[in-house]
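Colleague: whatever this is, show me its structure:
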Amino acid sequence: MFPNRADCYFALFQDVLYEHDAGVNYLFNGGQFKQRDKVVVIKQIATMADLVYQLLIDKDVSFNQCKPLIDYPALLGVFTRYSRDIYGFRRISAKLQNIGGMDRKLQEQLEQIILEGADFGFKIPSNNPYIERQAAVLLYWFSVLKPFHISFKDGHNPPPESYIQSYFNEYFAYFLICLALHTQSVNLIIHEDKEVFKEFLNQLHFRNLSRSSLEFFLPSMKAK
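Modeller: Numbers count the residues shown, from 1 in each chain. Coordinates of the predicted model:
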């Protein structure tokens with residue numbers, strides 16, 4: 001799907017608004033952040049979504065009875081909010097570093113003020129949030145904005161189980177994230193216990209899981 005495994009990861013876990021390299025070093029153009037082509041980003045995500053849906057069909061033919069639908073404005077909203085939460089501090093830090101002539105000590109002092117401040121609008125004041133934390137924030141916004149849906153086609157196969165139909169957005173988002181995490185050798189195992197997985201999807205769907213609770217839960221639910 002992608003020539004480089006890291007490209008699969010960054011298709012989801014990148015700043016959707018501004019260009020950066022694999023080390024998350026931002027690129028500038030005339031002192032301003034270089035804008036990312038959001039159409040290209042969304043196409044990459046749609047490519048991954050197509051692959052995930054085909055994998056679901058391969059595992060369970062009942063998905064042949066369905067047609068996946070994507071609400072693209074909602075999908076862009078998911079990644080815009082994710083990028084703000086995860087990359088907000090990195091953006092400020094990169095901007096400070098790009099200011100010519102700033103004393104390094106002053107830059108570090110300003111960064112420390114931002115890190116310590118609770119009222120600057122940063123949900124995650126970190127320069128390098130761990131990967132499960134990134135996944136938690138992304139999964140949270142998927143559950144809030146719900147960009148994934150299914151419709152039903154004529155056919156002889158039975159539709160997917162009722163809990164999948166009811167929580168399809170959360171179900172699909174979970175496996176989409178699992179695909180990207182797998183390229184980084186991080187494998188979530190929540191789905192291996194059906195009853196636990198159903199309750200997890202239910203809690204996600206009705207937004208009973210906050211970002212902080214997901215940040216605590218996901219690291220405990222990965223393969224050792």
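
Colleague: which outside residues touch the strand or helix carrying residue 39?
Modeller: Assigned by DSSP states H and E, residue 39 belongs to helix 38-59. Here helix 38-59 makes contact (CB atoms under 8 Å, 6 or more residues apart in numbering) with 1, 7-8, 11-12, 14, 16-17, 63-64, 68, 70, 72, 75-76, 79, 148, 172, 175-176, 179-180. Backbone N, C-alpha and C define where each C-beta goes, glycine included.

Colleague: in helices only, show me these.
Modeller: Within the contacts of helix 38-59, residues falling in helices by DSSP state H are 7-8, 11-12, 72, 75-76, 79, 172, 175-176, 179-180.

Colleague: save those as TSV, and put in neighbour count too.
Modeller: As requested, the ones in helices among the contacts of helix 38-59 are exported to TSV (neighbours: other CB atoms under 10 Å):
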residue	neighbour count
7	14
8	22
11	22
12	22
72	12
75	21
76	18
79	24
172	22
175	16
176	22
179	18
180	23
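
Colleague: return the helix or strand in the protein with minimum mean pLDDT.
Modeller: When each helix and strand of the chain is scored by mean pLDDT, DSSP states H and E, helix 104-116 comes last, with a mean of 73.

Colleague: what is the nearest of the ones in helices among the contacts of helix 38-59 to residue 195?
Modeller: Nearest to residue 195 among the ones in helices among the contacts of helix 38-59: residue 175, at 17.9 Å, using CB to CB.

Colleague: and the closest one, how far from residue 96?
Modeller: In this view, residue 175 and residue 96 are 38 Å apart by CB to CB, to the nearest Å.

Colleague: quick one: the helix or strand that residue 216 is a member of to chain centroid distance?
Modeller: Here residue 216 sits within helix 211-217, counting by DSSP H and E. How far helix 211-217 lies from its chain's middle: 14 Å, per CA atoms, centre = their mean, to the nearest Å.

Colleague: which secondary structure elements does it contact?
Modeller: If you count contacts as 3 or more CB pairs under 8 Å, 6 or more residues apart in numbering; DSSP states H and E, helix 211-217 packs onto helix 131-145.

Colleague: and the helix it packs on, what does it pack onto?
Modeller: In terms of contacts (3+ CB pairs under 8 Å, 6+ apart), helix 131-145 is packed against helix 72-98, helix 168-182, helix 194-205, helix 211-217.

Colleague: what's the angle between that helix and helix 72-98?
Modeller: Angle, helix 131-145 to helix 72-98, by axes from the mean of the first three to the mean of the last three CA atoms, to 10 degrees: 140 degrees.

Colleague: which ones are touching the most centrally placed residue in the chain?
Modeller: Residue closest to the average C-alpha location in the chain (CA atoms, centre = their mean): residue 138, at 3.4 Å. With contact taken as CB under 8 Å, 6+ apart, residue 138 is in contact with 12, 13, 78, 79, 82, 173, 177.
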